[in-house]
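1. Build me a model:
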Amino acid sequence: SDPMPQPASEVFATDVEEEANGYFQRIYTSQITLEDVVGMLKRFKTSSVQREQEIFACMIHNLFDEYRFFPKYPEKELHITAVLFGALVHHQLVSSITLGIALRYVLD
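-> Numbers count the residues shown, from 1 in each chain. Take a look at the predicted model:
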């Protein structure tokens, strides 16, 4: 009965979606560190550049939208995702509402 999050393709422009997905690919192939990603997300969240704010929102959206696939994740990717989730919480990059949703996903 929970409303499912809308697919990012219905919410974000294609180029924003592609760039956000590109960052995730670089995260999971260890081409960019989680520390660097968190720093980038911090900048993007408060950026005066609209596109950077959209990439931030898209990345957060996609991360939460992926939760139902976590049981199928290989161990390495699941670990990276868990650390990223923790970093988002630690650095207060998600609102308390989003955080409530995130915790529900983690506890599922």
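
2. Let me see the ranges of the strands in the protein.
-> Remark: no strands are assigned in the chain by DSSP state E.

3. What segments of it are helices?
-> 8-11, 14-28, 34-45, 50-65, 75-90, 96-107 (DSSP state H).

4. Buried deepest among those helices, which one?
-> Among those, ranked by average contacts under mean count of other C-beta atoms under 10 Å, first place goes to helix 50-65 (a mean of 18). (Each C-beta comes from the backbone N, C-alpha and C, glycine too.)

5. picking up where we left off before, mind putting the helices of the chain into JSON lines with mean pLDDT?
-> Output for these, formatted as JSON lines (pLDDT from 0 to 100):
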{"stretch": "helix 8-11", "mean pLDDT": "67"}
{"stretch": "helix 14-28", "mean pLDDT": "96"}
{"stretch": "helix 34-45", "mean pLDDT": "96"}
{"stretch": "helix 50-65", "mean pLDDT": "92"}
{"stretch": "helix 75-90", "mean pLDDT": "92"}
{"stretch": "helix 96-107", "mean pLDDT": "68"}
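
6. State the phi and psi torsions of I32.
-> phi -140, psi 140 (degrees, to the nearest 10).

7. 37 is where my numbering starts, stick with that
-> Let's use 37 as the start, then, which means that last one is I68.

8. Now it: closest residue in space that isn't a chain neighbour?
-> R62 (4.3 Å; C-beta to C-beta, 6 or more residues apart in numbering).
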